[in-house]
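# sharing a model prediction with you, sequence too.
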Amino acid sequence: AQKVTQAQTEISVVEKEDVTLDCVYETRDTTYYLFWYKQPPSGELVFLIRRNSFDEQNEISGRYSWNFQKSTSSFNFTITASQVVDSAVYFCALSEAYTGNQFYFGTGTSLTVIP
Amino acid sequence: EPEVTQTPSHQVTQMGQEVILRCVPISNHLYFYWYRQILGQKVEFLVSFYNNEISEKSEIFDDQFSVERPDGSNFTLKIRSTKLEDSAMYFCASRAQGAGANVLTFGAGSRLTVL
């Protein structure tokens, strides 16, 4: 069965600190996709990144970076030099590769960046 | 940037009433979805729709729910007789067809409050 666990329910950091959001997943599929979505206070879900299970290369996009480790079934997300605008709920999600019909979301991590 | 549009943004209804939530997916997308997020909880899959029929649905999507694509642009979710526990944010999403295309683009959500 597919499952995504985000053990951190709430995190608070002071502006400019780095913060890592953890994501651990379970799947029997050998090919799958992992995602991070951001949900700001306005409520919409904003796509941040997709990673194919065959691609374990870490990715950096500005202040955001992602560490995918298949050996530990983890897909962690780091924000460097956090800003107040980063305050949001962040969801990690998993989908099967071929039909991709269902996304399995974690319970989310609420990040508060204190000015 | 193409987007998924949802209306209404917020609807308040009495228990037992019928509700229709509307979505306009991205125009060249072929797969459509409804997800639900009860306040403070994770985003849960309801149903996926492709080629004018339901391709997958979850246990939540019981006989009270139905979906329709009435005119080639709108994608609707109907709740026949609302219950208190239907109060949630409902997200519509769509995606394109093809390998590597399974990034869901979500709408801003429709908040349903059942009194």
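That came through fine. Numbers count the residues shown, from 1 in each chain, chains lettered A, B, ... in the order given.
# show me where chain A has its helices.
Under the criterion DSSP state H, chain A carries no helices.
# same deal with chain B?
Under the criterion DSSP H, chain B carries no helices.
# for it, which spans come out with low pLDDT?
B:1-2, B:98-101 (pLDDT under 70).
# let's go with 90 and repeat that
B:1-3, B:27-30, B:39-42, B:50-51, B:56, B:70-73, B:95-105 (pLDDT under 90).
# residues contacting the most centrally placed residue in it?
Centroid-nearest residue in chain B, with C-alpha atoms, centre = their mean: residue B:34, separated by 3.0 Å. By C-beta atoms under 8 Å, 6 or more residues apart in numbering or on different chains, residue B:34 lies in contact with B:21, B:23, B:46-47, B:67, B:77, B:90-93. From N, CA and C alone the C-beta is placed, and that goes for glycine too.
# before we move on, what about residue B:76?
B:20-23, B:67-70 are the contacts of residue B:76 under C-beta under 8 Å, 6+ apart.
# could you give the bridge partners of it?
residue B:22, residue B:68 (DSSP bridges).
# quick one, what contacts the nearest residue to residue B:12 once chain neighbours are set aside?
Leaving aside its chain neighbours, residue B:12 sits nearest to residue B:113 (4.6 Å; criterion: C-beta to C-beta, 6 or more residues apart in numbering or on different chains). Contact analysis of residue B:113 by C-beta under 8 Å, 6+ apart lists B:10-13, B:87.
# still on that earlier bit, what bridges to the residue nearest to the centre of chain B?
residue B:47, residue B:92.
# what about the strands in chain A?
A:3-5, A:10-14, A:19-21, A:24-26, A:32-39, A:46-52, A:59-61, A:64-69, A:74-79, A:88-96, A:103-105, A:109-114 (DSSP state E).
# outside of the third one itself, which residues are in contact with it?
Surrounding strand A:19-21, the residues in contact under the criterion C-beta under 8 Å, 6+ apart are A:6, A:8, A:11, A:13, A:76-79, A:82, A:90, A:92, A:109, A:111.
# residues near residue 21, how many?
By default, I'm working from chain A. Using other C-beta atoms under 10 Å in any protein chain shown, the number of residues around residue A:21 comes to 22.
# let me rephrase: I mean chain B.
23.
# wait, isn't it in contact with residue B:111?
No - look at residue B:21 against residue B:111 with C-beta atoms under 8 Å: they stay out of range, at 10.0 Å.
# let me know the pLDDT of residue A:99.
pLDDT, residue A:99: 62.
# can you name the residues that contact the nearest residue to residue B:50 once chain neighbours are set aside?
Distances taken as C-beta to C-beta, 6+ apart place residue B:31 nearest to residue B:50, at 5.1 Å, with adjacent residues excluded. Residues near residue B:31 by C-beta under 8 Å, 6+ apart: A:100-101, B:48-50, B:55, B:94-97.
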